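Trainee: Sequence plus the predicted model coming up.
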Protein chains: 2
Amino acid sequence: MFKKVLIAEDFQGDNKSIVDTLKAELTIPEVQEEFYCDKAYNRLQVACQTPEAFELLITDLSFKENHSPRSLTNGVELITAARKLQPDLKIIVNSMEEQAVKIKGLFEKHHINAYVCKGRQSLDELVKAIHAVALGNTYLSPQIDLNTAKNVFELDEVDLFILKDLAEGFSKKEIRFRLKKIDLRPNSESSIDKRVSKLFDEFGAKNSTELVAKLIREGLI
Amino acid sequence: MFKKVLIAEDFQGDNKSIVDTLKAELTIPEVQEEFYCDKAYNRLQVACQTPEAFELLITDLSFKENHSPRSLTNGVELITAARKLQPDLKIIVNSMEEQAVKIKGLFEKHHINAYVCKGRQSLDELVKAIHAVALGNTYLSPQIDLNTAKNVFELDEVDLFILKDLAEGFSKKEIRFRLKKIDLRPNSESSIDKRVSKLFDEFGAKNSTELVAKLIREGLI
DNA sequence: CAATGCCTTACAGATATCTGTAAGGCATTG
DNA sequence: CAATGCCTTACAGATATCTGTAAGGCATTG
């Protein structure tokens, strides 16, 4: 079992219950907790220079904004920074995120070791996840089905720019000029039309309004 | 202080930490917890018929869906049902919702006694809220500013129908027929145009796409 | 009951959206 | 280097969107 674990979670209730559960149900000598990504990263960094580095990081994905400026603003950024600092660190993500595409990305791109979805059994699942990861395995909440993550359609920079502008009410003519302004190509009206029409097919939308609505609901823009 | 409290919260971590905090920091003889709205309502109902009814309900707003069918699907429905059953019941809402408009509505329409926003101090705030409510006062998380809730523009049934249809990619001509079909009026294309244009002004949108985008982001449709 | 205000509707006209066709640019392939 | 495929762009035409004007219906007011 792990000897030194760090928890990064901004909600007091979740944070406390994770700490309590780890202390009550697992024999981990040292459990530390933080409410901010930056502070969590600092702890990792400091511990890394001693013989007792952290062995496991349990982190949320979203962290509420606050008056104080942040350099790491969310779990993904924390994970990226942590992996760079300490490639062998085990990472368990504990979040409300339920979208298969995003969770798949965490495993594939960020090589997390487990994903626990907040819910009615999440503490029990977290304990299972820790056991699995300690044995070198991965863990994923059973309600998440990664096979539904078909739609790994990659929205590139231009797609995202167009979509965000559409959501802000710009016409395609305006978007054309806005693309030109920042020298992003292709930027003809026709190309914008073509791209958007392609996205209609891709996401099963009949027009721009439906497309933007769907993508906002899926959290992609 | 309260003698009998019920907690309705579907996330295990939040649920556990609230129960633990109440037991550790307040002298409440009986704290019960539920993970489903329907089950919480049942408990209220049963207790109501005995001399020991619940005095305080602490509830979340959103409850995850599940295989089992539900008659009460969210906190607002639970609150409505509970108020009907037991008008003098004190209610504290503990949720992630941060939108002033919605929280204002909870106080004004549903007469909740306190609102605690999940965050870095929410357990401490919850304790404060319980003390306040026990003394007959209300409590609101300090980061919420109800004065920003200017936009209490009421979307009526027809507005909502039109907006939801727009978000599903229906054209105004199609929406016209869909309104007629369910005999909802006004339903001329012209009236739809007029209503939508009014909403552009109301929400500061330049076209349908931006309007729908804004309303989805604000959680109104 | 005339005047007023508000809502609904029809209609018109300017733009915007969306689809389809075709031509040119460019890299890859045989 | 001709052939191919893919992307970009221009253009055209059918609809859809959005705004503005005007007329009629209806309730309220003096």
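Mentor: Noted; the coordinates are in hand. Worth saying up front: this structure is predicted, and the values here are computed from it rather than measured.

Trainee: Now look at the lowest-mean-pLDDT helix or strand in chain A and say if it contacts chain B.
Mentor: One helix or strand of chain A scores below all others by mean pLDDT, DSSP states H and E: helix A:100-110, with a mean of 91. No. Judged by C-beta under 8 Å from any C-beta of the partner chain, helix A:100-110 stays clear of chain B, getting no closer than 16.0 Å. All C-beta atoms are positioned from the backbone trio N, CA, C, and that covers glycine.

Trainee: Just list what the very next helix or strand once past that helix packs against, helices and strands only.
Mentor: Next helix or strand after helix A:100-110 toward the C-terminus (DSSP states H and E): strand A:114-117. Counting by 3 or more C-beta pairs under 8 Å, 6 or more residues apart in numbering or on different chains; DSSP states H and E, the packing neighbours recorded for strand A:114-117 are strand A:90-95, helix A:100-110, helix A:122-134, strand A:139-140.

Trainee: Check which residues of the least confident helix or strand of chain A are buried.
Mentor: A:Ala100, A:Val101, A:Lys102, A:Ile103, A:Lys104, A:Leu106, A:Phe107 (16 or more other C-beta atoms under 10 Å in any protein chain shown).

Trainee: and the helices and strands packed on strand A:114-117 as a markdown table, adding distance to B:Met96?
Mentor: Listed next are the helices and strands packed on strand A:114-117 as a markdown table, based on distance: least, C-beta to C-beta, whole Å:
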| stretch | distance to B:Met96 |
| --- | --- |
| strand A:90-95 | 13 |
| helix A:100-110 | 18 |
| helix A:122-134 | 15 |
| strand A:139-140 | 24 |
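
Trainee: of those, which approaches B:Phe177 most closely?
Mentor: Across the helices and strands packed on strand A:114-117, B:Phe177 has its closest neighbour in helix A:100-110 (35.3 Å, C-beta to C-beta).

Trainee: Could you tell me the angle between the direction of the closest one and that of strand A:90-95?
Mentor: If you take axes from the mean of the first three to the mean of the last three C-alpha atoms, to 10 degrees, helix A:100-110 sits at 160 degrees to strand A:90-95.

Trainee: So what's the gap between helix A:100-110 and the chain middle?
Mentor: In terms of C-alpha atoms, centre = their mean, to the nearest Å, the centre of helix A:100-110 is found 8 Å from the chain centre.

Trainee: could I have it exported to PDB, CA atoms only?
Mentor: Provided in PDB are the C-alpha atoms of helix A:100-110 (Å, rounded to 0.1, in the frame of the first residue of the first chain):
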ATOM      1  CA  ALA A 100     -16.500   8.900 -22.000                       C
ATOM      2  CA  VAL A 101     -14.500  10.900 -24.600                       C
ATOM      3  CA  LYS A 102     -12.900  13.100 -22.000                       C
ATOM      4  CA  ILE A 103     -12.200  10.300 -19.600                       C
ATOM      5  CA  LYS A 104     -10.600   8.200 -22.400                       C
ATOM      6  CA  GLY A 105      -8.300  11.100 -23.100                       C
ATOM      7  CA  LEU A 106      -7.200  11.200 -19.500                       C
ATOM      8  CA  PHE A 107      -6.100   7.600 -19.700                       C
ATOM      9  CA  GLU A 108      -4.600   7.800 -23.100                       C
ATOM     10  CA  LYS A 109      -3.000  11.200 -23.100                       C
ATOM     11  CA  HIS A 110      -2.300  11.800 -19.500                       C
END
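
Trainee: That one packs against which elements?
Mentor: helix A:75-85, strand A:114-117.

Trainee: Buried deepest among those, which one?
Mentor: A comparison of these by mean neighbour count, using mean count of other C-beta atoms under 10 Å in any protein chain shown, puts strand A:114-117 on top with a mean of 24.

Trainee: Phi, psi for the residue of chain A found nearest DNA strand D please.
Mentor: Residue of chain A nearest DNA strand D, by C-beta to the nearest atom of the strand: A:Pro186 (2.8 Å). Here is the backbone geometry of A:Pro186 (degrees, to the nearest 10): phi -70, psi 150.

Trainee: Model confidence score at the residue nearest to it when sequence neighbours are not counted, please.
Mentor: Distance criterion C-beta to C-beta, 6 or more residues apart in numbering or on different chains; nearest residue to A:Pro186, sequence neighbours excluded, is A:Val158 at 7.1 Å. pLDDT for A:Val158: 94.

Trainee: quick one: contacts for A:Glu34?
Mentor: A:Glu34 is in contact with A:Leu6, A:Ile7, A:Ala8, A:Ala40, A:Arg43, counting by C-beta atoms under 8 Å, 6 or more residues apart in numbering or on different chains.

Trainee: Which residues of chain A lie near DNA strand C?
Mentor: A:Ser171, A:Lys172, A:Lys173, A:Ser190, A:Asp193, A:Lys194, A:Val196, A:Ser197, A:Phe200, A:Asn207, A:Ser208, A:Thr209 (C-beta under 7 Å from any atom of the strand).

Trainee: Could you pull up the residues touching the residue nearest to the first one when sequence neighbours are not counted?
Mentor: Leaving aside its chain neighbours, A:Ser171 sits nearest to B:Asn207 (7.6 Å; criterion: C-beta to C-beta, 6+ apart). Counting by C-beta under 8 Å, 6+ apart, B:Asn207 touches A:Gly169, A:Ser171, B:Phe200.

Trainee: roughly how far apart are B:Asn207 and A:Ser208?
Mentor: 9 Å (C-beta to C-beta, to the nearest Å).

Trainee: Can you narrow the residues of chain A next to DNA strand C down to the ones near DNA strand D?
Mentor: Answer for the residues of chain A next to DNA strand C near DNA strand D (C-beta under 7 Å from any atom of the strand): A:Ser190, A:Asp193, A:Lys194, A:Asn207.

Trainee: From the residues you listed, list the buried ones, please.
Mentor: Among those, those buried by neighbour count (16+ other C-beta under 10 Å) are A:Asn207.

Trainee: Could you dump the contacts of A:Glu34 into CSV and include neighbour count, distance to A:Val116 and pLDDT?
Mentor: Formatted as CSV, the contacts of A:Glu34 follow (neighbours: other C-beta atoms under 10 Å in any protein chain shown; distance: C-beta to C-beta, whole Å; pLDDT from 0 to 100):
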residue, neighbour count, distance to A:Val116, pLDDT
A:Leu6, 22, 16, 98
A:Ile7, 23, 12, 98
A:Ala8, 28, 14, 98
A:Ala40, 26, 17, 97
A:Arg43, 17, 21, 97
